[in-house]
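Student: Sharing a model prediction with you, sequence too.
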Amino acid sequence: MKKQWFSAKGVFVHRDSGSGPRQLYEERVLLVRARTFRKARKLAEKDAQKYERLLDGCAFTEFVEVFRLFDEPGDGAEVFSTMEQSDLEPKEYVERRYPSKPADCEAEGREHRYYNNGHGYSACYHCSVVKPGELWH
Ligand SMILES: [Zn+2]
């Protein structure tokens, strides 16, 4: 069987190191060439193990979802698609699946964790707050 293009989404957790962002989840999609879904999954799992070793505090959740591309990758090619059954209304579904950043951590009783936003400004990883000064130290 001829090799085909697949995309594989892997889910990773980035643990809280005490500074920088609090715990985050990452969905990472890569393209692989393989003859079967099974082989594509194996390649993605191998890559995921390599990826978690490269990054401190990163762990592969063992979750991988594989999609076979209908066309060669290129301009306008669909590279990933997934279906999920839900009775939620569209707005509620999107907010649950992809929650927006809160306006202000402090309003939720949490502390900001800043990064350098450039031009003398600091921005919080977890909310929409941006303040002048080097607050990431
Ligand atoms: Zn914040």
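Tutor: On my side now, so go ahead.

Student: Flag every residue of this protein that's near the ion.
Tutor: Neighbours of the ion within the chain, by C-beta under 5 Å from the ion: 105, 112, 124, 126-127, 129. To be clear about C-beta, it is placed using only N, CA and C from the backbone, and glycine gets the same treatment.

Student: Let's verify Ala44: helix, strand, or coil?
Tutor: Following DSSP: H, G, I helix; E, B strand; the rest coil, we place Ala44 in the helix state.

Student: separation between it and Glu65?
Tutor: Applying C-beta to C-beta, to the nearest Å, the value for Ala44 to Glu65 is 9 Å.

Student: list residues touching both of these two?
Tutor: Ala8 (C-beta atoms under 8 Å, 6 or more residues apart in numbering).

Student: higher neighbour count, the two?
Tutor: A count of neighbours by other C-beta atoms under 10 Å puts Ala44 above the other of Ala44 and Glu65, at 24 against 15.

Student: re earlier: could you pick out which of the residues of the chain next to the ion are located in helices?
Tutor: Assignment to helices by DSSP state H places none of the residues of the chain next to the ion there.

Student: and these as CSV, adding neighbour count?
Tutor: Output for the residues of the chain next to the ion, formatted as CSV (neighbours: other C-beta atoms under 10 Å):
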residue, neighbour count
Cys105, 19
His112, 17
Cys124, 24
His126, 18
Cys127, 18
Val129, 18
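
Student: Spatially, which two of those are the most separated?
Tutor: By the measure C-beta to C-beta, His126 and Val129 form the most distant pair in these, at 9.0 Å.

Student: Please enumerate the shared neighbours of those two.
Tutor: Common contacts of His126 and Val129 (C-beta under 8 Å, 6+ apart): 105, 112.
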